[in-house]
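Colleague: Return atomic coordinates for the entry below.
(one chain, ligands or ions: 1)
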Amino acid sequence: MSSISIIGSGNMASAIGALALAGGNTVEVTGRNSAKAASLARTLGGGATTGTWGAPPTGDIVVLAVLFESAVEVVRAYGEALANKIVVDITNPFSPAGVGLAVPHDTSVAQLVADAAPESTHVIKAFNTLFRDVLASGGPRDVFMAGDDAEAKERLSVFVTSLGHRPRDTGDLSMAHWLEGASLLEMGLARSGLGFGLSLGVSLGGAE
Ligand SMILES: NC(=O)c1ccc[n+]([C@@H]2O[C@H](COP(=O)([O-])OP(=O)(O)OC[C@H]3O[C@@H](n4cnc5c(N)ncnc54)[C@H](OP(=O)(O)O)[C@@H]3O)[C@@H](O)[C@H]2O)c1
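Modeller: Down below sits the predicted model:
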């Protein structure tokens, strides 16, 4: 069992929160709009609690479920409250037209988040390649992760497995750039006729 705090109370917060509770984890929801966060916690049920914006999250794993434009700003606002936490950046930095990345090509939102977080925080990119309905509808689907700390990725893997999905370690945090690009690839595939029920996955030719 993992203890999860979710920062954000939108669609992905709701999907991850519901799966987390179903998987036997504890869930805290925090949002800049406390009434909205409390409403999501009530809707989720299962003992979900509401946290205080900017205060140390109760969960060991903190899912950053906000829009990419606000990710760094939110992490800066939390500051030391995120010390020693595993922070999971799920954001997709799509350009306004949705055909390119809105971060420079030598970095990623996850890297910018890591630069803004306390040194003891372990930032992992994950979940960004799963459309919300795909994530919510059950697995196993591949959840790609990129991060520098092996133990933190191991702990996130336990959580991902509890959701009924399959953790896939892609390497260190520099791979987050490519995971953000992978979501663009999925958008292209979805729009070109495959639809939004798809997700990228690893095929090992039966040797999984
Ligand atoms: N939806 C998907 O299929 C999907 C799939 C993979 C990854 N993602 C990524 O997941 C993240 C969340 O997506 P979503 O679909 O859940 O979006 P959403 O429903 O629009 O929710 C966004 C959340 O971010 C909060 N937020 C926005 N600006 C903020 C700011 N300046 N400071 C603090 N909080 C702020 C919102 O708070 P308020 O309610 O107060 O506005 C809301 O709780 C995005 O980065 C997206 O790229 C989405």
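
Colleague: Wondering if stretch 3-21 reaches the ligand at all.
Modeller: Yes. For stretch 3-21, a contact with the ligand is found by C-beta under 6 Å from any ligand atom, at Gly8, Ser9, Gly10, Asn11, Met12, Ala13. To be clear about C-beta, it is placed using only N, CA and C from the backbone, and glycine gets the same treatment.

Colleague: Counting only strands, which of these make the cut?
Modeller: Here DSSP state E is the test, and those give no hits in strands at all.

Colleague: And the helices in this protein, which stretches?
Modeller: Applying DSSP state H to the chain gives helices spanning 11-22, 34-44, 68-78, 109-116, 132-136, 150-162, 176-189.

Colleague: Pull up the distance across stretch 59-72, start to finish.
Modeller: Start-to-end span of stretch 59-72 (C-alpha to C-alpha, to the nearest Å) is 20 Å.

Colleague: Would you pull up how far that stretch lies from the middle of the chain?
Modeller: Remark: stretch 59-72 is offset 7 Å from the chain centroid, using C-alpha atoms, centre = their mean, to the nearest Å.

Colleague: can you check stretch 159-167 too?
Modeller: Centre-to-centre, stretch 159-167 and its host chain are 13 Å apart (C-alpha atoms, centre = their mean).

Colleague: Who are the contact partners of the residue of the chain found nearest the ligand?
Modeller: Per C-beta to the nearest ligand atom, Gly10 is where the chain lies closest to the ligand, at 2.0 Å. Applying C-beta atoms under 8 Å, 6 or more residues apart in numbering to Gly10 gives the contacts Ala65, Val66.
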